[in-house]
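Peer 1: Below is the sequence, then the predicted model.
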Amino acid sequence: MHTDKTTKSTPSPRHAGRWPAKGGSEGASTPPSPKLTNALIRDLLDPTVATLDLCDYHGLTLNKLIAILESPEFAYLQTAIDQISTARAKLVESETRFTAKARLNDICKQQPTDRHHEETIRKAASKLAPTKEHTNAQRDLTLEPQHQHTPARSTPPIAPNSAQHTAEANPPAHVPITQAPPHLPRFPGRFDASPPNQRWALFDAPAKLAFRNQTPADERSPTLHQPIFSICIAAMICPAALAAGDAYEAPAAYYSGATGTGTTLKSQLTAAMSAGHIMRNYGNFRDMSRYIDTDPNNPNNILLCYNRASVSSSWDSGSTWNREHVWPQSRQPGSASNGSTGNIGDPHALKPCNPSINSSRGNKPFGGGANTTGSFRSLGSFYFPGDMDKGDIARSLFYSDTRYAGTGMSLVNGTPSGNQMGDLESLIAWHYLDIPDEFERRRNHAVYSVTLNPLRTNNRNAYIDHPEFVWSVYVDQFNDSTLYVGDLAPADGASMIDIDLGNVLVGEVIDPIQVTLHKNGDDGTFYRVSPSAGITTNLDGCYQAFAIGTNGSSETLTMSFDAGYTDNTGMVFGSVMIDNLDVTTQAGSGKGANDGDDLVSVAMSVFNPGNGSFDSGSDLDTLSIDLGTIASGDGDASQTIDLFNIALGGAFAAPVDVEIVSSVGDTAALGTDLMSITDLSSAGMASFDVILDDDNEGVYSATYTLRVYNSRSMFPGDVIVEDLTLNLSGEVAGSVCSPDLNGDGMLNFFDVSEFLGLYSSNDLGADFTNDGELNFFDVSAFLGAYSAGCP
């Protein structure tokens, strides 16, 4: 086993904002209360607050407003927003990413009598400026300032506030504004440089805060009701993977200062990982490993590095497992003892290990290149950590090199010497081949988190939280990766596929869809796949990666739909966004950070199934019709039947097709002219006739089965809705002498008298035309039959 030396490393100091001593009017000598400041900002960010009268906001005066604008809390919010805003200018056109907006218009309706007041607010406002407005809803808020004379405050220096990395068990009394309000999702930002004259906008953040362009003070006329600035706030749709709150993600403000690239970014990460860092010693790891290396399948065990064996977490003086220095103690300053701190005692740089494997590794650097695969083993003077751990090992070394920069430790290509470690080229390749899995991400969070680890360090490994930083820090600023969907990569990399799934039925299970995600460029890159609600993909998660040397490669993106995706009728839209997370900008348009997001859009129309019925007001699936008795040779009897589609859903109720699928009984005597009905719309009606043939005497019955389908022109296949049953009956009697109304077998005056009696009393016995009415035509029919005589 190799033990490791250590030297103590002092974290970068924090600088809290100071309030310069001021004299003068009320509110100038003391800062506003944090409670008031944060309450105001929370209300501005809260989309449920419909209106906000700042003139009477807890006694807020113009002086207090100025103080709030210049407070460390508000300034830090502005800084965090500014840092995040530059990252995602390429999303300006992504209207779907924004769901709500609120405006604060005409904050100063009256020109302040003291130009210092106006200038102070204007300068504070000038730190923020808008680009585009993305909104689905808006509100207007108004402030009329008090006329008081207060000299302008100078903005205090902006630096990380120590409260940001306080223990999770001791939250501040007020909600820090560097965290998202509880109703908004946290979303880790991604940053790159923007031209100095570029107006910024906030994208990868839970809220958007901006100020409108304004006329310079010297160009404004000194009239009343002159608006000085306005604030826009917009909530953003977070990727589904993070929308519910990723349990292992970093706090929203943890990397807020990581805005640069290259050496600047590395220095910023050093500061972020040093701020609030609670140094633990080498001896602490004996008790800490149980909390951070926990076997997810056995909470009493831990998983060892290299072989991933599950063993008891209890410390037995190194018999079952011991402490592996990823960066060998002999290759770093200091010496290892249970009291050693710094990198030697840092749990981000330590792993539990099988003692014999630890000894076999010795102090060999890691290496073998991208093509080495398989189990852990020695490779001459190098050591290969195995496929399960090669990425974890690389990120641990990146952490040590960055967190303890300035201690003489460094990563190099090839064989290292002194306090160096390597092989850097292999580590970078492994970083993209073995991306952070759930075990590694949980471990990183457990090292940091007081809720998971009573020995927490309160700091994190940036290269696990943001693996996209590695290329910029350890390679160059020219990452040439472009991701796209479809046949060709657009010049800006922002590709799109629209998939129309057509018409589906409520409750229908949607088959998975496969889309090919292409990658151009040899450089490795991390990317995030963010499906909208109700959609999952095989590439969900915080990030995925394309390895180095994969120009022209691709991944199959499989989109699956939740069971409830088609629960409701109407147009349903979904999407999957693919974001190339690289932060480098110098490779040109459509590459690295300049690679526009890729969008797969899915649309479908969800219909309620059709519903056939013999009645328009109720669901009548069985109808019986008696066509009565007719005389043979007197003509067929018929009746018209109406059929309805009573499906609910209005425009999204499925039309139906209807056809006869079976008939039994006396179908020669009892028939119908129904062939088929197609595309009968909701609330529509179709009619057909049923007929009793008069050719042959007898009593007849028949049953017809009508099958109802959802419209086959709209829905693929024969989607059966139901069967309807039509029962028919009727009788064909022998021939009789119809004019012989008195039944005496003779035609004479008495039959004429009988007919006239029936006719005058409106008795349908005189209805010789069988039309249900008595009129001249019945008289004519009777006389015709009377003249013809009986057979």
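Peer 2: Happy to help now that I have it.

Peer 1: Identify the neighbouring strands of the helix or strand hosting P352 in the sheet and state each direction.
Peer 2: When secondary structure is defined by DSSP states H and E, P352 falls within strand 350-353. Here strand 350-353 has these sheet partners by DSSP bridges: strand 322-325 (antiparallel).

Peer 1: Output the strand it pairs with as PDB, nothing but the C-alphas.
Peer 2: Only the C-alpha atoms of strand 322-325 are listed here, as PDB (Å, rounded to 0.1, in the frame of the first residue of the first chain):
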ATOM      1  CA  ASN A 322      -7.300   0.300   3.100                       C
ATOM      2  CA  ARG A 323      -6.900   3.800   1.800                       C
ATOM      3  CA  GLU A 324      -5.700   4.300  -1.700                       C
ATOM      4  CA  HIS A 325      -4.100   7.600  -2.700                       C
END
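
Peer 1: what's the average pLDDT for it?
Peer 2: Strand 322-325 shows a mean pLDDT of 98.

Peer 1: Now it: buried residues?
Peer 2: By neighbour count, and taking 16 or more other CB atoms under 10 Å as the criterion, the buried residues in strand 322-325 are 322-325. For the C-beta atoms, the positions are set from N, CA and C on the backbone; glycine is no exception.

Peer 1: Would you reformat those as CSV and include distance to G334?
Peer 2: As requested, the buried residues of strand 322-325 are arranged in CSV below (distance: CB to CB, whole Å):
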residue, distance to G334
N322, 19
R323, 15
E324, 17
H325, 11
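
Peer 1: low-scoring pLDDT stretches of this protein, where are they?
Peer 2: Along the chain, the model assigns pLDDT under 70 to residues 1-245, 734-737, 791.

Peer 1: rewinding a little: the following helix or strand past the strand holding P352 packs against which elements?
Peer 2: Under the assignment DSSP H and E, the closest C-terminal helix or strand after strand 350-353 is helix 355-361. Based on contacts counted as 3 or more CB pairs under 8 Å, 6 or more residues apart in numbering; DSSP states H and E, the elements that helix 355-361 packs against are strand 322-325.

Peer 1: Confirm that S780 sits in a strand.
Peer 2: No. Assigned with DSSP: H, G, I helix; E, B strand; the rest coil, S780 falls outside any strand and is helix.

Peer 1: That one: what's it in contact with?
Peer 2: Residues in contact with S780, defined by CB atoms under 8 Å, 6 or more residues apart in numbering, are absent; none qualify.

Peer 1: Try it again at 10 Å.
Peer 2: 768-769 (CB atoms under 10 Å, 6 or more residues apart in numbering).

Peer 1: Okay, it and F755: tell me how far apart.
Peer 2: As for S780, its distance to F755 is 12 Å (criterion: CB to CB, to the nearest Å).

Peer 1: Distance-wise, check T525 relative to A491.
Peer 2: From T525 across to A491, the span is 18 Å (CB to CB).

Peer 1: Those two: which has the busier surroundings?
Peer 2: When T525 and A491 are compared on other CB atoms under 10 Å, the one with more neighbours turns out to be T525, at 30 against 11.

Peer 1: now the nearest residue to that one once chain neighbours are set aside: how far from R443?
Peer 2: In space, T525 comes closest to S481 once its chain neighbours are excluded; the distance is 3.8 Å by CB to CB, 6 or more residues apart in numbering. With distances defined as CB to CB, the gap from S481 to R443 amounts to 28 Å.

Peer 1: ditto for S267
Peer 2: When CB to CB is applied, the distance between S267 and R443 equals 25 Å.

Peer 1: So the two - more neighbours on which side?
Peer 2: The residue with more neighbours, out of S267 and R443 and counting by other CB under 10 Å, is R443; that gives 27 against 18.

Peer 1: State the distance from the spatially closest residue to the more buried one that is not a sequence neighbour to R280.
Peer 2: Spatial nearest neighbour of R443, excluding adjacent residues (CB to CB, 6+ apart): I292 at 5.0 Å. The spacing between I292 and R280, counted by CB to CB, is 11 Å.

Peer 1: Same check on D562?
Peer 2: Distance of D562 to R280, given as CB to CB: 43 Å.

Peer 1: for G339, same thing?
Peer 2: Computed with CB to CB, the distance linking G339 and R280 is 11 Å.

Peer 1: list residues touching both of the two?
Peer 2: Between them, G339 and R280 share the neighbouring residues G345, with contact defined by CB under 10 Å, 6+ apart.

Peer 1: related to what we said a few turns ago, wait, what's in contact with the residue nearest to T525?
Peer 2: Taking CB under 10 Å, 6+ apart as the criterion, S481 is in contact with 471, 493, 519-527, 546, 548, 550-551, 580-582, 584, 587, 590-593, 595.

Peer 1: Buried members of the residues you listed into ChimeraX, please.
Peer 2: Selecting just the buried residues from those in ChimeraX takes one command, with 16+ other CB under 10 Å as the test:
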select :471,493,519,520,521,523,524,525,526,527,546,548,550,580,581,582,584,587,590,591,592,593,595
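
Peer 1: Keep only those of the contacts of S481 that are in strands.
Peer 2: Among the contacts of S481, the members found in strands (DSSP state E) are 519-520, 525-527, 546, 580.

Peer 1: Same list, those, but as CSV with distance to R460 please.
Peer 2: Listed next are those as CSV, based on distance: CB to CB, whole Å:
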residue, distance to R460
K519, 29
N520, 32
T525, 22
F526, 17
Y527, 21
F546, 25
N580, 23
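
Peer 1: ok, those vs S613, which is closest?
Peer 2: Set against S613, the nearest of the ones in strands among the contacts of S481 by CB to CB is Y527 (52.8 Å).

Peer 1: List the beta-bridge partners for the closest one.
Peer 2: Beta-bridge partners of Y527, counted by DSSP bridges, are Q544, N580.

Peer 1: cool, V664 as well?
Peer 2: Per DSSP bridges, residues listed as beta-bridge partners of V664: T703.

Peer 1: Just confirm it contacts T705, I think it does.
Peer 2: Yes. With contact taken as CB atoms under 10 Å, V664 and T705 are classed as touching, separated by 8.4 Å.
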